[in-house]
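Colleague: Sequence plus the predicted model coming up.
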Amino acid sequence: MNPPVPTDPTAADRRLRELAFLNEIAQLATLARDWDELMHSIVDGTTAAMGVEVCSFYLADHERMRLTLAATNGLDRTQVGRVSLDWGQGITGRVAASRTPIAVEDVTLDDRFAWVRGFDIGTLRGMLSVPLEWHDTVVGVLNVQTRERRVFDDTEIAFLQTIAALLAGIVEKGRLTAEVEARLAELTALDAARAELLSVVTHELRTPLSVVRVYVDLLAEAASAATAPQDAAVGEWRDAASDQLGRLDRQVDSILASVRGEGLTGLSRAPFDAVQAVDDTVETLRLLLRLHPIRWDRPAEPMIAIGDETRFRQVLEQLLENESKYAPTAEGVSIGVWRIGDEIQVYVTDDGPGVPVEDWESVFEPFVRIEGRGRSRGSGIGLFAARRLMTAMGGRIYLEPNGFASSRFVVALPAGA
């Protein structure tokens, strides 16, 4: 059987050209080097495919209040981005508002046409305008115009609608890509500014720390000369102050390492005695906790945990510093350590009301502070940093009931052999 012969060769040829152009649009979406090239190619191709003299594309804003010229040929291209119409203004605005194509034989005889001085050409007559819709939302309008009067038939209207449907998807993809790129650029700039600020601040901290260390030594020497040689308190005070200065030095190093991207990647996972680490931390912060009775019964035997001992102590210091700030005055602070299964667990709690159950997870979010039973936004990043540190070294930190109608913080690391 021979294939059917088209009854209208002209219509068949036109249909083939239309299909070829639609395929070209689909390819342009992936091959065009930039947005301007893509838009110019589409309006030029539409002009040829529709047999018109002018093609213009208007893009809707996010609020669907205005339409702005995004591309054109046959008209002044320097007006791209400048010419705009209100939603519902002129034939273009009416198409956007009604989401319905409008075909006009002669715009000079149609009151709906909005003449834009310095842009529209008085010799243009015929006009076909169709909406660009994406997921039931109008994202733009596509117009074609002719110098001669023209009655656009249903086939031509359907073809331009097909072009508009393809263009709508391309437009939204391009818009979303541009928004993502702009947001990424903004975040990159903010991150760079943060890193620069931290670098400057931490670098500037080193000089006053060095000066303070010298003055501590001088004050200790002066105090030693003014007191009896057997007075050991002066030496203890100097050692304690030096320990705290050393702690500040380590914190500066940690900040610089995090700025360089090494903060959570260089943590060791080595065996250490968790009992000794807790005992040393409690002794270091005993003066800070002087208003609270400390309940810490050191176990007789070591308990070996696997992790980064320095960072583990930082987490414990954070928890005990929180106790010094938020635990009710004169109420006791309890610290304990034990092994449960394959973990070494350390808890910290006090005799206060604790953290409400509904906030047990939110306290580990950045910039969230819980004071008493009230929740407030602040600069609290300590617990957020503590969780990141514990996770990075293979451990965890969480809240649980303490058995006395309150709560306690628990830090856990894998147990060693």
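Modeller: Perfect, I can see it now. Residues are numbered from 1 along each chain as shown.

Colleague: Val348 touches Ser334, doesn't it?
Modeller: Yes: using Cβ atoms under 8 Å, Val348 makes contact with Ser334 at a distance of 7.4 Å. Glycine gets a C-beta too; all of them are placed from N, C-alpha and C.

Colleague: The two: who's more crowded?
Modeller: More crowded of Val348 and Ser334, by other Cβ atoms under 10 Å: Val348, with 24 against 19.

Colleague: Might you report the residue contacts of that one?
Modeller: Taking Cβ atoms under 8 Å, 6 or more residues apart in numbering as the contact definition, Val348 lies against 316, 319-320, 323, 333-335, 408-409.

Colleague: cool, Glu365 as well?
Modeller: Taking Cβ under 8 Å, 6+ apart, we find Glu365 in contact with Phe384.

Colleague: how near is it to Phe384?
Modeller: When distance is defined by Cβ to Cβ, to the nearest Å, Glu365 is 6 Å away from Phe384.

Colleague: Same check on Val333?
Modeller: Val333 is 22 Å from Phe384, by Cβ to Cβ.

Colleague: again, but for Asn73
Modeller: 55 Å.

Colleague: These two: who's more crowded?
Modeller: Between Asn73 and Phe384, counted using other Cβ under 10 Å, the more crowded position is Asn73 (18 against 15).

Colleague: Which strand residues bridge the more buried one?
Modeller: As for beta bridges, Asn73 partners with Cys55 under DSSP bridges.

Colleague: That one contacts Val52, doesn't it?
Modeller: No: between Asn73 and Val52 there is no contact under Cβ under 8 Å: 10.0 Å.

Colleague: related to what we said a few turns ago, which one among the contacts of Val348 gets closest to Ile294?
Modeller: Val333 (5.6 Å; Cβ to Cβ).

Colleague: residues contacting that closest one?
Modeller: 289, 292-295, 320, 323, 327, 348-350.

Colleague: 7 Å instead, please
Modeller: Residues near Val333 by Cβ atoms under 7 Å, 6 or more residues apart in numbering: 289, 292, 294-295, 323, 327, 350.

Colleague: From Gln145, how far out is it?
Modeller: In terms of Cβ to Cβ, Val333 sits 80 Å off from Gln145.

Colleague: for Val346, same thing?
Modeller: 77 Å.

Colleague: ok, now Leu320?
Modeller: 76 Å.

Colleague: Ok, Leu289 next?
Modeller: For Leu289 relative to Gln145 (Cβ to Cβ), the value is 81 Å.

Colleague: Next: Ala103.
Modeller: Ala103 is 11 Å from Gln145, by Cβ to Cβ.

Colleague: Quick check on these two: which one has the bigger neighbour count.
Modeller: Each of Ala103 and Gln145 has its neighbours counted (other Cβ under 10 Å); Gln145 has more, 26 against 19.

Colleague: Skipping adjacent residues, who's closest to the more buried one in space?
Modeller: Val54 (4.0 Å; Cβ to Cβ, 6 or more residues apart in numbering).

Colleague: Give me the most central residue, the protein.
Modeller: Taking Cα atoms, centre = their mean, the centroid of the chain lies closest to Leu187, which sits 7.0 Å from it.

Colleague: Need the three-state assignment for that residue.
Modeller: Recorded secondary structure, Leu187: helix (DSSP: H, G, I helix; E, B strand; the rest coil).

Colleague: I'd like the numbering to begin with 44 instead of 1 from here.
Modeller: Happy to do that; since the first residue is 44 now, the last one works out to Leu230.

Colleague: per-residue confidence for it?
Modeller: As predicted, Leu230 sits at a pLDDT of 76.

Colleague: Can you tell me how far it is from Glu224?
Modeller: In terms of Cβ to Cβ, Leu230 sits 11 Å off from Glu224.

Colleague: Val95 too?
Modeller: 34 Å.

Colleague: Give me the more crowded residue out of those two.
Modeller: Higher neighbour count among Val95 and Glu224: Val95, with 24 against 10, using other Cβ under 10 Å.

Colleague: and that one, what is it in contact with?
Modeller: Per Cβ under 7 Å, 6+ apart, neighbours of Val95: 187-189.

Colleague: and the residues you listed, which of them are in strands?
Modeller: 187-188 (DSSP state E).

Colleague: Just the closest of the contacts of Val95 to Pro399, please.
Modeller: Val187 (64.5 Å).

Colleague: distance of Thr151 from Glu352?
Modeller: Taken as Cβ to Cβ, the span from Thr151 to Glu352 is 85 Å.

Colleague: So between those two, which is more surrounded?
Modeller: Taking other Cβ under 10 Å, Thr151 and Glu352 do not tie; Glu352 has more neighbours (19 against 12).

Colleague: Leaving out sequence neighbours, find the closest residue to the more buried one.
Modeller: Glu352 sits nearest to Phe315 (Cβ to Cβ, 6+ apart), 4.1 Å away.

Colleague: Ala429 and Ile440 touch, don't they?
Modeller: Yes: Ala429 lies in contact with Ile440 (Cβ atoms under 7 Å); the separation is 5.6 Å.

Colleague: Provide a list of residue ranges in the stretch 44-193 of the chain with pLDDT below threshold.
Modeller: 44-78 (pLDDT under 70).

Colleague: Swap in 90 and give it another go.
Modeller: 44-94, 104-107, 113-114, 116-121, 123-124, 157-166, 176-180 (pLDDT under 90).

Colleague: quick one: the strands in it?
Modeller: 97-103, 109-116, 127-129, 145-147, 170-177, 180-188 (DSSP state E, counting those that start in this stretch).

Colleague: Looking at those strands, which is nearest to Ala201?
Modeller: That would be strand 170-177 among the strands of the stretch 44-193 of the chain, by Cβ to Cβ, at 9.5 Å.

Colleague: Walk me through which strands that closest one pairs with, and which way each runs.
Modeller: strand 145-147 (antiparallel), strand 180-188 (antiparallel).

Colleague: from these, which stretch is densest packed?
Modeller: Highest mean neighbour count among those (mean count of other Cβ atoms under 10 Å): strand 180-188, with a mean of 23.

Colleague: How about residues contacting that one?
Modeller: Contact with strand 180-188 is made by 89, 93, 95-103, 107, 110, 135, 138-139, 142, 167, 169-175, 203, 206-207, 210-211, 214-215, as judged by Cβ under 7 Å, 6+ apart.
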